[in-house]
Structure formats: structure tokens, C-alpha cells
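Student: Could you look at this predicted model? Sequence included:
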Amino acid sequence: MKLTPAVQKILSHYESDNPGTKANLARILMQGRLGGTGKLVILPVDQGFEHGPARSFAPNPPAYDPHYHFELAIEAGLNAYAAPLGMIEAGAGTYAGQIPTILKVNSSNSLAKAKDQAITGSVGDALRLGCSAIGFTIYPGSEYAFEMMQEIRELAEEAKSVGLAVVIWSYPRGEALSKEGETAMDICAYAAHMAALLGAHIIKVKPPTDFLEQPEAKKIYEKERIDIASAAARIRHVVQACFNGRRIVVFSGGAAKGEEGIFEEARAIRDGGGNGSIIGRNTFQRPRGEALKLLDGLIKIYQSKD
Amino acid sequence: MKLTPAVQKILSHYESDNPGTKANLARILMQGRLGGTGKLVILPVDQGFEHGPARSFAPNPPAYDPHYHFELAIEAGLNAYAAPLGMIEAGAGTYAGQIPTILKVNSSNSLAKAKDQAITGSVGDALRLGCSAIGFTIYPGSEYAFEMMQEIRELAEEAKSVGLAVVIWSYPRGEALSKEGETAMDICAYAAHMAALLGAHIIKVKPPTDFLEQPEAKKIYEKERIDIASAAARIRHVVQACFNGRRIVVFSGGAAKGEEGIFEEARAIRDGGGNGSIIGRNTFQRPRGEALKLLDGLIKIYQSKD
Amino acid sequence: MKLTPAVQKILSHYESDNPGTKANLARILMQGRLGGTGKLVILPVDQGFEHGPARSFAPNPPAYDPHYHFELAIEAGLNAYAAPLGMIEAGAGTYAGQIPTILKVNSSNSLAKAKDQAITGSVGDALRLGCSAIGFTIYPGSEYAFEMMQEIRELAEEAKSVGLAVVIWSYPRGEALSKEGETAMDICAYAAHMAALLGAHIIKVKPPTDFLEQPEAKKIYEKERIDIASAAARIRHVVQACFNGRRIVVFSGGAAKGEEGIFEEARAIRDGGGNGSIIGRNTFQRPRGEALKLLDGLIKIYQSKD
Amino acid sequence: MKLTPAVQKILSHYESDNPGTKANLARILMQGRLGGTGKLVILPVDQGFEHGPARSFAPNPPAYDPHYHFELAIEAGLNAYAAPLGMIEAGAGTYAGQIPTILKVNSSNSLAKAKDQAITGSVGDALRLGCSAIGFTIYPGSEYAFEMMQEIRELAEEAKSVGLAVVIWSYPRGEALSKEGETAMDICAYAAHMAALLGAHIIKVKPPTDFLEQPEAKKIYEKERIDIASAAARIRHVVQACFNGRRIVVFSGGAAKGEEGIFEEARAIRDGGGNGSIIGRNTFQRPRGEALKLLDGLIKIYQSKD
Amino acid sequence: MKLTPAVQKILSHYESDNPGTKANLARILMQGRLGGTGKLVILPVDQGFEHGPARSFAPNPPAYDPHYHFELAIEAGLNAYAAPLGMIEAGAGTYAGQIPTILKVNSSNSLAKAKDQAITGSVGDALRLGCSAIGFTIYPGSEYAFEMMQEIRELAEEAKSVGLAVVIWSYPRGEALSKEGETAMDICAYAAHMAALLGAHIIKVKPPTDFLEQPEAKKIYEKERIDIASAAARIRHVVQACFNGRRIVVFSGGAAKGEEGIFEEARAIRDGGGNGSIIGRNTFQRPRGEALKLLDGLIKIYQSKD
């Protein structure tokens, strides 16, 4: 499969990576209905770990079965499927070669109080399961942030050396931050930038609000008149924070919400130059038909210019 | 020995495992009087570590001898015998090849206050002692939960690479939970699901009550009208949480109790689609004859349809 | 040297050990005046680390010299000599092949407050110094107990793999225990059992009193009418806790005391089926002649039937 | 390229280093407009990690692009460019062989409270990215100082063994120090000396004030009449603390300030015998033209005698 | 160079060491004006790390240069020179083969509050720099004492395996001790004994006072009438605590003081059977001529009988 110019341009930004990693990035970017456009939609299913099985799957019981998610991602024509170890192990054989997978190698759960995650997968696991990338969450602002950064540093070095790509979920939280600050414009851009500095190939953050958390940052935003008025402008600023567009950045959908809310967010991501969406609960908690319809709408947004 | 269709179907769910691990799972599933049915009864003897020798063995003094338990498991026609290092070392030579063994590689004791366990065995130990699996306890909800998850992640990766199976005892406890919550329906299903996500081949949990611990979960159970009224319905929900039946799940008998209580529990496990029982104190603390009679009754329940 | 039936029977209990470890156990059991009887007396000299040199050696100044202890153990016809790294290094060349040595690989000191020990020797040290075993102390009941168990687990696995034997000193202490509880019957049996479960070949505990520490244990001792009235009965119960006699268990003499007190203790150990004594301060703090006389008396007790 | 006598003399001070490390030091010292003079100006861009992208790059938006800094350093004729992993990865291919790079292998951020840094790069990363050196920050006076020293010790040993140079940023801070003390004369000289003792090839400190923090040190400074009156005298004392000039020492420009302030500082560094400047925010936050003009002025100061 | 009988006797005490380590001990014992006598004077220069450069070197500015100390030790005819990594690296090439060096592999500093040290050098460093030994400080009585003991255990095992000697600085301090207790007779002898037990070849302690810190020890000193009245008697007791003279023990000079005080201390060390002095600040803080005169006087004391 010949790479499109859009994908070639993106790959050219990863100038320090070996061909193995570039091939895995290409696999993700060339997959599905958005294949070749430089845009991407990823299905993540780590909610079972984060919130428990009933809260995740009872609204749509077929989703208790790990095969369901592989099939949903394939049928919807998505770019990749991301999940923790057990979920991937339970389907990696059946769906081998049909959809790129991202092994989420750390995980939290709602019984834990510490703003930290447990390492629950390895680069070796990702290789034996045929994954294209590892995924890792950091919590900038947490007292465990340095430790988490050191963990992904080590895992990322190993992953890159064996030709895997690295996806970092950068979710600010912790004593240093107010609740509103967790999605503040300055904090979100900072979180994305740190993920880029840590060597991520793909960065995942939440769409920022127009709140500004840090006083020193606020001064600069005001002095330099950084445009953060619209959702698209805020996405554009995050893209800038990701090495001025040299790194792929995708945005999570967050809590379950209406179809129109999701589409509006996607249009802002597209208009701001973001690379796409990573959308879990809003899809697999809907009946399969509805989910496919929603994903179809989402993909069409990324396929269009406006 | 040709595998039965029931066992073949179970093995097909472990699609990411190497033939070594599949063979060890098959050894456990094809052993004893339930061999080939897809059901299993396991004898665990870690109570000496957990509560001390007198509380464990004084009610039936022959049980002080490690050979006693190997013989009990073999004579009763069970599927496997699980115990800590010293107990296995003391009989592994004599009973080699007669019953699959599971090396319990972490252990707690009643002199310790921390809701944690010490690692007391290794994958290397399991191999040199001819074991089919390693067993490991996690305490979801404990402040040590992340650490325990990381320990089993590492041990499990090593175990799988050398063809061993992995059994996870998932026992919720800790500051995050009320006493009642430790066996609550939502928590038990969550604990089982986390064990599955961590890559367990066999999951061991306690039979849940109909209590619901987490308010966010309670809302979903009520909204989605999840059936948790009967013991069998609750087992069925746990099975669902174990990748919709793609993982073997067994239930512990808990504190010593009457024969009828045990049988009733087993019928619920069977009717709910659980794979069987892991039963320790209720057997080895009874005189040998009584224990064999009890186990015979238990096995007959799993052999029958109702 | 042909093994006696008594020693052959003991070795048969170590059915999972390699010939190297069995040979080292045999070396200890066949050494000295008790060689071949299945009984043993060991000289431990770790008091210099525990209490300082003056408190240990000033009562008998020749004992400042490490060679003194090698010679005392050899001349008295003991089974083995146990000491920390420096003490063994200072005599291992001169006395090579004359007495089995046990390298004590962790050590405490009276300037430390933590109920823990520092690791002060390795399996590699034991090998280069020609030792037959490593020795390690655990403090069940201490907040460091899990960590200590993990340390000896790792060291024991390594020691067994290179043909060394493993001796565990199991000394309960810590916040979980009353002062009286440290030598309570239930706690002592529990401590011995945990050492056995951790894979010790030789277990060292203090002779228990008839106090019972844990309420749940007390109930069982009373209900099951476990005989703990006499010192010999208590030893017998400890032997039972050591896999019903499948593991060698020796008892320490404790604080300096009169000759008759030591002999009385030894008779109880013998009558209760214990394997012998590990006796330090009571020997090397006496003038050499007196120490030899005392050890002669002790050995004669183990040689006789009553 | 033949080394100049000035560079040869400097290299002769690194008498324990292998030819690989000497070659990398030579590469840095022979590069750019100060090449061969023994003086050097380095561009560091770790502010994105330390203060976030907007505070770092919004004043001069082209600086969001990692290529901008490589080009600035090359065009200005600097000696080296230092940055964290992601920044180097994003340009190392394009600018390979055009400017020596220093991989900053630990990083802090303004969301963290601990006076510590996370390790965010490795010696392996530095090698694969073609860097000449690794850079590492220590915080003498912090409760994490010992740990940071141990980290750089290990990294430095590895770096030296593969022919890389080691740059230590020594920034005193922590409970042991007053705010004024962080840049005090005694503390700065001490911080520089510790970096030298830790084996740094290039030491980076802030220019000291004439404040004296530690009473015991103050006594000596007064008794021995150490000249710390002028900025140049203070630089001279720092050079003395760096093995009497046997180690390269460069000074940071600190917070953004006027051109004349920067030039004055540089003259003091030159007059005191320091090796040069490491200047970040004061350059890349200015428009490119202004930055080049500033750097031209700076370089001319180091080229001239007064 | 043929070994003298005095040195041969000392070496015979290191009966478990390999020829490499014995050769390095011999190099130290055969070096300089005391070469062959079994006595030794060592120059340690770790004060720069401990107290900062100005407090260490301003009284005698040529001492800022690392070469100064190599030359001082060589010209004075001392046995060895001990210093941290950077100091050795800065002169190891120039003075290779001219004086045995001891790499101090851990270091404290006066900005740190913890009674601990950072590891700042390795066995690999010692080998590549041609050192004869590694040096390590332990703080018995500190909350970090167990950790420090474990660090030197590991380093010492590695050092011995590659033929290096091991020097332990044993300096009691911490919550367990009163200020007076840090140099108390019982504590000093205990500290020396622990260093010996940890496997040190050369032990360095401070000369003890006649204070007794621990009540249990005091009882024994009084009961056994241990002679601690004179400085020489106290040295003799320390020698006894070092395996009755089987280990080399040297004493530090402590804080700067008058020439006569130093000579008096040396006579006591000699008369008590100690092996010599390790003297830093009292030499390098004096002008070179005075230092040489002082060291000449010191050496003459060790050369004479009284």
C-alpha cells in the first residue's frame, strides 16, 4: 500500500525513529476509512479497569465480550483499537492483522486513591500480541508525576528500539491543580508539550476550556494575546504546543454525551488542525447500530473540510 | 489423552497463549473426576501461612504433614493442589505427575497489619517443582494494590513465557472499602474483571452478596436492572465480568461451615455458569473420611445439571 | 563416609533439593560427636554484631580472635559454626574442611531502632568461603517482615540453585506482639511454620513458653486440647509445626544462664523430638575449659535417650 | 581540524577520559565562532519543560518549532545546543553533524512541588541521536540531592564509557537554604565544586552574588579575605572551586533581561576566567534578528580581551 | 620488591582474599617512608565535598588544584591518597604508578540534613583510574545505617572479586546516640567491630574518649575492668575489637589542631598497637612546607618505638 502525501509528511516529522516505528505509525495512519488522510479515530476500551465492568458494559451487554470491540473498530473503519493486556490477549489471535492495536501498559481503577497507575503491560507483551504501539498515562501535577514520567521514559526507549510507536495519555491532576485547572487551556497545552518532550509519537489530551490556571501563564496568554476564544482556536494552540504540529495529537471525547456534542467537538478538532478523536464510552455503551452510525458521522467530519 | 469438546472450547479462549501454557491448563482441566467437563475443584492449603499451623491443622492433626494434602487431592479426584513453597517442596518429588500443582507465590500472615503480601515463591521455583501454574493474590482497594498488580504483571509475563498458567486470587480490601463492601456484588465483579485484565488464566473470587458498595455503580445496576437477586444470578454476573465467560472463574468456600451450605453454594456456582470451587479449610480440617465424602458430594453437583 | 539410617531418613524429607544441597545438609549432620545421630549442636557467633564486641567477648578475651570460635567448635565436636562475613573470612582459609560453616547473611545491631536487619553477606560470599549454608533472620510481626521474607526468598532460591542449605532464624517481634507474645507457644509454632513454608532446610526458634498470644489461636489450643504443659510437649508441638518433623528444627539457648538450666532445656528438646541446640553466648563467654565441659554435657544429653 | 593550543590545554586537564569523550569535548570547543578559543556559548531550550510552552515560546511563536532552535544555534555560530529528548528527536536527523547537541536527561516542571527532577532521557538515547554529551541537573540542598547525585553518578559512568561528555547543571535549592542563599557566593562555589567532584566535564552554575549563606563558610571568607567584591572576582572564585580551572565552567543568563545586563555579565565571566555562557530565554524569546544580534555581541565579548 | 616480615604477617590475616586484593594491600603497606613497617599514614581529601571548597582550601590556595594533593602525598612519603571521583580523575593520569589511591565511593555534604551519604563512585571507576582500594563511610546509629551497610556489602563483594581492597570509615552518629556518644569508647569499638564484620580490610575510626554511652555496655566495661584510662589503652581496645589485630585500623586526626596535639595522638596510636593515621585537613590546610614538616614528624613517630 503506497503512502499518501499526507501520511508521508507526518512520517517525515518522526525523523529520529527507526523504520519499524515508522511502519507502525504508517499502519495506524493508513488503516480504515480515514486511512491516508492524516486524520484518525481510535477506539479505547480501558473503562473496565477505570470504572469496573458494570459501569462500562452493562448499558450494552455484548460489550462484556472482548471480541465485540475488535469487531466494532474493524466494522466502523477506525484506525486503531487500544486496551489493557487481558482485553488484547482475548482477541489478538482471532483478529490478527485486521486492525492495529495499542497495548495500554498502565492502568488505574476507581478503588485506588493515589493519583497514580499500576504498570499492567510490557513492551514484550505488545510484541508477542502483535501490537503497533504501547499506550501510557501520565498525570502531570500528581505527586507521582516524576515516577510516571520515568516509567514511560524507560518503556518508550524500549518500545522505540523494537519498532513500536508510543502513545501518551497526558491527564493533568493532583494537588498542584484546581478541578477546573485540569482542563484549563494553559495546563492542557503544557500537558501536551510534556508528552511531546517525553518522546511520544501520538499525544492524547482532553479538549481544553478557556480557563487559565497558572497566574504566570495567564500573564503571558494575556500579554501575547493568544487566541483561546473558540474551541478550534484552543485546539490550534494545543497543536502548536505539540512541536508546532510535528507530533500527532488526538482528543478524547470524555464523559458520555449526545451525538451533536461529539460532532461539534470533532469539527473544532478538525478546524484547529488536530489529528482526530479517541472515543470509547460514547461508542461501546451505545447499541452497536447506534455506535456505527455515530462513528460514521464522526469519520465524515474528518473527511470533510467543513 | 484426547481433550473433550468442553475443554477444547475453553482452551480456544486462551488464543494468545503458547502451547506450553495451554498444555498446563489442559492438564488441570483433564485431571480427576471432573476431568474433561470444564468444571474443576481445587484444593488450596495456604491457611498455615495465613492463620498459623494450629488454627489450620490442629482440628485434624494428620494435616500437619504436607503429604496429607497431596494424597487428599489425589484420592478425592480433584483437579489441582495449590500451596506455598515449603508445602510443595515437601511433596513434589513423591507425588510428581500425580496431580497438577499451583505454586502460591505470595503469602500474608495474621501477624502482619499491612494489607499486602510477601512474595514467597518464583516462576523458577514453580518450574523446578514441576508445577502447572503460579498463584498470586491481589487486594484491590488496598494502598498496596498497584504494587501487587505490578508484581503479578511481571511474574505473569515470565510464567507465560515458560508455559505456565496464572491463577489470580482477587480479594478486595482496604481503606477504600467497607467491610460489607469486600464481598459486594459490584466490587466482586470489578475484582474479577481486573484479574482478567491483568492476564489471569484462572480467576478466584469469593461468592458475592447482593450488597452494592459504590454509589456510581449502584446507579447502573439499578438503571440497567442487572439481576443480582439470587446467588446463581450473581455468579452469572461475575462470569460476565470475566470476559463474558472467556476466562475460567472459581469460587472459594470461605470460612468453615456445614456441608449443606457448601453444596448450596456449589449449585449456585454451577447454575450461574461458574467453573467450580476452590475449597480448603472445609476439607482438610475435617477427618479424612468426612472430607472425602464432602468432596464426593461437591463433585457430583458439578457433574450433574441440577 | 557412609550416611547413617538416621541421617538418610532426614535427607529423604528434602525431596525437592538437588544433590549439592543434600550433600551440604549431610556434611552438617555427619560432623562431630553427634555426627550420624540426626541431632546437632551449632555454634553461632553473631553477638559481636548484635551487642558489640565488649559485651560479647570481654568476659572471655581470647574470643576477640575469630580463630578462637573455629577451634572451639572443632574441639568440642560440634556440627557447624555460624557467623557473619568478617568472622568467617578471618578463619575460612585456616580451618577449611575442618568444620561446616554457615554464613549469616543478615545482621542487626543494638544502635538500630528498626526491627529489621541489614543484608551483610551473599550467596557468592558463602560459595567463595566454602560454607555449607547461609543463615538469615526474619522477624515475623515486624513492619519489615514482608521485606525480610522477600529477601530470604530470593537468597534461598539462589542458595538452593548452587547446592547450599538454608537456615532461617525465625524471631517474632514487632508492634503486632506483646513482649510475652514473642516467645508464646502459638507464636513460636507459627514462626517455625512460616520458616518451613519459606523453604528453610533448618529452622531456628526460641523455646516457647506456655503463654498464648493470639485470641483466635488460644481458642483452638483450648478447644483441641493441644498439650503445651511441659517444655517437651511444647517442643513437640513446634516439631509438628515444622511439617510434622519433615524439617530440622533447632533451639537457641537465649541469654547467658547456668549449666543446669541449659541441660534441662536440652533434655526437653531431645524428649520433644527437636533436632538440637544452637548455643553461642553460653559457650564462648565462658573460659575455654568450662565451655568444652558444658558442650560435652550437652552432647551427651543428645546422645542419650533420657 | 587541528586543535588550537587553547583547546589542547583544556583537553589535557581531562586526563582520565577516553579518546571518545575527549573528541566530543573537542567537537564542542572547536565549533562555531568561538571554536578554538577555549570559550563557548551554549543554547539550552528546556524552558518548555520547566515553565510550559506558552511561557516559553509565545513571545516568539516560531520557537514552538524544534527546528527553530537548531537553526538559531547554527546561524549564530554557537558551540552546542542542549534540550530534552523530544526536542532533540524532532531535529536530530535534519541537522545531524551541523551542531553538537547535549541531551538533557532529567527535567522538572512547574506543576511539581518536589525539588527534584524526573529522568527523561538516557545515554542510549544520546548515542542514537548523535549527541556529544548528556546534561543533568542536581539540586544541592534539596532532600533529593543524594538521590540526584546517585543518578548522575550512574549515568556519567555509562556516558564516559561510551565516549560522551557530561554536563552538570548545579542549582542549589531546598530547605537547607534561604532564597538569597541559592545564589550566594559560598553556595555557588560549593555547588560548582560538587559538580566537579561528581566527575562533570562541563559545569553550569548561576553567577553568584556577594551574599554569604553558611556561617562557618562566612568566617573563612572573611578570615582568608577571599575577594568577592566584583562580579569578575566572584567568577574567578568559582573557577578556583572547579579544580582551579581544570574543569570547564559556564554561567547561565537567568531570567529575561536587557542586552546590556547580559553583556556586563559576560564581561565579568570573561574577566574572571570563566569559559562562557549558556543562554536560553534571553535569545529564543526575542525575534530571530534581535537574538542573532545579541548573540553576536556576546560572542564578540568572549573574542576580545576587554 | 620483597615484602618485609611485618607486612607478610599482616597479609597472612587476610586469608580469604585473592592475590589481587593482597597485592593491593601490599602496595599500600610497602609504599613511602613507612613502607614495610606495617604502619601507614594516608592522606584523605574529601573535605571539599563535606564542607565546601573555601572552608577546605582557602587557608592554603594551592590546594584548590587536585595535583597538589597527589604531590603532597608523594613528596611526604605517605602510603596512600584517598579522594572522591573528580579529585582522582583530575590527577590519576599524571601520577599513575606513583602513589596508591583509594577512591572514596560515597560522600556527604554540609547542605544535606540526612545522616546519610550519596554513592558517588563505583568499583568500575576505581579500576579504570588504577586505584588500589575503594573507601566507604558508614554511620552506625543513623536511620540509614542498614542501607549504608547494604551498599558497602555489595560494593565490597564486587571490589574483592576484582582484586581491590576495601576501606571502611565507621563514624557513629544518629538519633540513637548522644553527641558525646559518637566518640565514646564502647561506641567506637563497636563501630570498628562492625566494619570488620562487614569485611573491611582497613578500618578507619576516630580516637575514642573514655566516655561510655550504652548502659548495658558500661556494666561490662566496669565488671570486666577493661582498661580505657589512657589514650593508648583505648586504642588497644579498638585494635582488639578489630578481630584482635587481624584487621588494619587507622585513626583520623579530626578537626584542625596544633602539631603537638597530633603527635601526641600518634604516639597513643603507636603505643596502643594501631596501624597509623589518616590525616587530611591538618596537612593540606597548612602551607606546603609546614605540612611536610608535620608529616615528617608523624612518620618519625611511627618509625620509632617510643
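Tutor: Great, that's in hand.

Student: which residue does the stretch 151-300 of chain A bring closest to chain C?
Tutor: Distances from the stretch 151-300 of chain A to chain C, computed as C-beta to the nearest C-beta, single out A:E151 as the nearest residue at 21.3 Å. Where you see a C-beta, it was placed from the backbone N, CA and C, and this is true even at glycine.

Student: Spatially nearest residue to that residue, not counting backbone neighbours?
Tutor: If the residues on either side of it in the chain are set aside, A:E151 comes closest to A:I119, at 6.3 Å by C-beta to C-beta, 6 or more residues apart in numbering or on different chains.

Student: Hmm, that neighbour is touching A:K104, no?
Tutor: No: A:I119 lies out of contact with A:K104 (C-beta atoms under 8 Å); the separation is 10.5 Å.

Student: what about the two, which has more around it?
Tutor: Remark: of A:I119 and A:K104, A:K104 carries more neighbours, 29 against 18, as counted by other C-beta atoms under 10 Å in any protein chain shown.

Student: burial measure for the nearest residue in space to the more buried one that is not next to it in sequence, as a count.
Tutor: Beyond its immediate neighbours in the sequence, the residue positioned closest to A:K104 (C-beta to C-beta, 6+ apart) is A:G135, lying 4.4 Å away. Using other C-beta under 10 Å, A:G135 has 30 neighbouring residues.

Student: For the residue nearest the centre of chain A, list each beta-bridge partner.
Tutor: With distances taken as C-alpha atoms, centre = their mean, chain A has A:K204 as the residue nearest its mean C-alpha position (3.7 Å). Beta-bridge pairing of A:K204 under DSSP bridges involves A:W169, A:V250.

Student: Who are the contact partners of it?
Tutor: Remark: with contacts taken as C-beta atoms under 8 Å, 6 or more residues apart in numbering or on different chains, A:K204 is in contact with A:V167, A:I168, A:W169, A:S170, A:V249, A:V250, A:F251, A:S252, A:I278.

Student: Where do the strands of the stretch 51-200 of chain A begin and end?
Tutor: A:80-83, A:101-104, A:106-107, A:118-119, A:133-138, A:165-170 (DSSP state E, counting those that start in this stretch).

Student: Enumerate the residues of the stretch 1-150 of chain A near chain D.
Tutor: Residues of the stretch 1-150 of chain A lying close to chain D (C-beta under 8 Å from any C-beta of the partner chain) are A:H13, A:E15, A:S16, A:D17, A:P140, A:G141, A:E143, A:A145, A:F146, A:E147, A:M149, A:Q150.

Student: Actually, the stretch 151-300 of chain A.
Tutor: Residues of the stretch 151-300 of chain A lying near chain D by C-beta under 8 Å from any C-beta: A:153, A:157, A:161, A:172, A:174-177, A:186-187, A:189-190, A:193-194, A:196-200, A:214, A:216-217, A:220-221, A:224, A:226, A:237, A:240-241, A:243-244, A:246-247.

Student: before we move on, the earlier item: which PyMOL command selects the buried ones in the contacts of A:K204?
Tutor: Listed next is the PyMOL selection for buried residues among these, using 16 or more other C-beta atoms under 10 Å in any protein chain shown:
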select buried, chain A and resi 167+168+169+170+249+250+251+252+278
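
Student: between the contacts of A:K204, which is closest to B:T21?
Tutor: Set against B:T21, the nearest of these by C-beta to C-beta is A:V167 (28.3 Å).

Student: Can you check the pLDDT for that closest one?
Tutor: According to the predicted model, the pLDDT of A:V167 comes to 98.

Student: where along the stretch 1-150 of chain A do the helices fall?
Tutor: Using DSSP state H, counting those that start in this stretch, the helices assigned to the stretch 1-150 of chain A run over residues A:5-12, A:19-30, A:47-51, A:53-57, A:66-76, A:85-89, A:123-128, A:145-161.

Student: mind listing what's buried in the last one?
Tutor: Put plainly, it is helix A:145-161. Residues A:145-146, A:148-153, A:155-160 are the ones in helix A:145-161 that count as buried (16+ other C-beta under 10 Å).

Student: Tabulate these (CSV), appending pLDDT.
Tutor: Supplementary listing: the buried residues of helix A:145-161 in CSV, determined by pLDDT from 0 to 100:
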residue, pLDDT
A:A145, 98
A:F146, 98
A:M148, 98
A:M149, 98
A:Q150, 98
A:E151, 98
A:I152, 98
A:R153, 98
A:L155, 98
A:A156, 98
A:E157, 98
A:E158, 98
A:A159, 98
A:K160, 98
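
Student: Phi, psi for the residue of the stretch 201-306 of chain A found nearest chain E please.
Tutor: Proximity of the stretch 201-306 of chain A to chain E (C-beta to the nearest C-beta) peaks at A:E216, 27.6 Å away. With angles defined as degrees, to the nearest 10, A:E216 shows backbone torsions of phi -60, psi -40.

Student: re the thing from before, got JSON lines for the strands of the stretch 51-200 of chain A, with distance to A:P44 too?
Tutor: Compiled in JSON lines, the strands of the stretch 51-200 of chain A are given as follows (distance: least, C-beta to C-beta, whole Å):
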{"stretch": "strand A:80-83", "distance to A:P44": "4"}
{"stretch": "strand A:101-104", "distance to A:P44": "7"}
{"stretch": "strand A:106-107", "distance to A:P44": "12"}
{"stretch": "strand A:118-119", "distance to A:P44": "17"}
{"stretch": "strand A:133-138", "distance to A:P44": "8"}
{"stretch": "strand A:165-170", "distance to A:P44": "9"}
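
Student: Tell me the residue of chain A that sits nearest chain B?
Tutor: When distances are taken as C-beta to the nearest C-beta, chain A reaches nearest to chain B at A:G93, 3.3 Å away.

Student: which residues touch that residue?
Tutor: For A:G93, the contacting residues are B:E15, B:S16, by C-beta under 8 Å, 6+ apart.

Student: ok, the closest residue to chain D within the stretch 1-150 of chain A - contacts?
Tutor: Going by C-beta to the nearest C-beta, chain D is nearest to A:E15 of the stretch 1-150 of chain A, at 3.3 Å. The contact partners of A:E15, by C-beta under 8 Å, 6+ apart, come to D:E89, D:A90, D:G91, D:A92, D:G93, D:T94.

Student: May I see the ChimeraX selection of the buried members of the residues you listed?
Tutor: For the buried members of these, the matching ChimeraX selection, counting by 16+ other C-beta under 10 Å, is:
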select /D:89,90,91,92
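
Student: do you know how far A:A26 is from chain C?
Tutor: Distance of A:A26 to chain C, given as C-beta to the nearest C-beta, to the nearest Å: 44 Å.

Student: quick one: that residue from A:A196, how far?
Tutor: 20 Å (C-beta to C-beta, to the nearest Å).

Student: okay, the two: which has more neighbours?
Tutor: Each of A:A26 and A:A196 had its neighbours counted (other C-beta under 10 Å), and the higher figure belongs to A:A196 (28 against 22).

Student: What residues of stretch A:73-85 count as buried?
Tutor: The neighbour-count criterion (16+ other C-beta under 10 Å) identifies A:A73, A:I74, A:A76, A:G77, A:L78, A:N79, A:A80, A:Y81, A:A82, A:A83, A:P84, A:L85 as the buried residues of stretch A:73-85.

Student: what does stretch A:119-132 give?
Tutor: Residues of stretch A:119-132 classed as buried: A:119-123, A:125-132 (neighbour count, 16+ other C-beta under 10 Å).

Student: How about stretch A:28-39?
Tutor: Using 16+ other C-beta under 10 Å as the test for burial, stretch A:28-39 gives A:I28, A:L29, A:M30, A:Q31, A:G32, A:R33, A:L34, A:G35, A:G36, A:T37, A:G38, A:K39.

Student: same deal with stretch A:277-288?
Tutor: Residues A:S277, A:I278, A:I279, A:G280, A:R281, A:N282, A:T283, A:F284, A:Q285, A:R286, A:R288 are the ones in stretch A:277-288 that count as buried (16+ other C-beta under 10 Å).

Student: So which of these belong to helices?
Tutor: Among those, the members found in helices (DSSP state H) are A:R281, A:N282, A:T283, A:F284, A:R288.

Student: what's near enough to touch A:L85?
Tutor: For A:L85, counting by C-beta under 8 Å, 6+ apart, the contacting residues are A:L103, A:T120, A:G121, A:D125, B:R153, B:L197, B:L198, B:G199.
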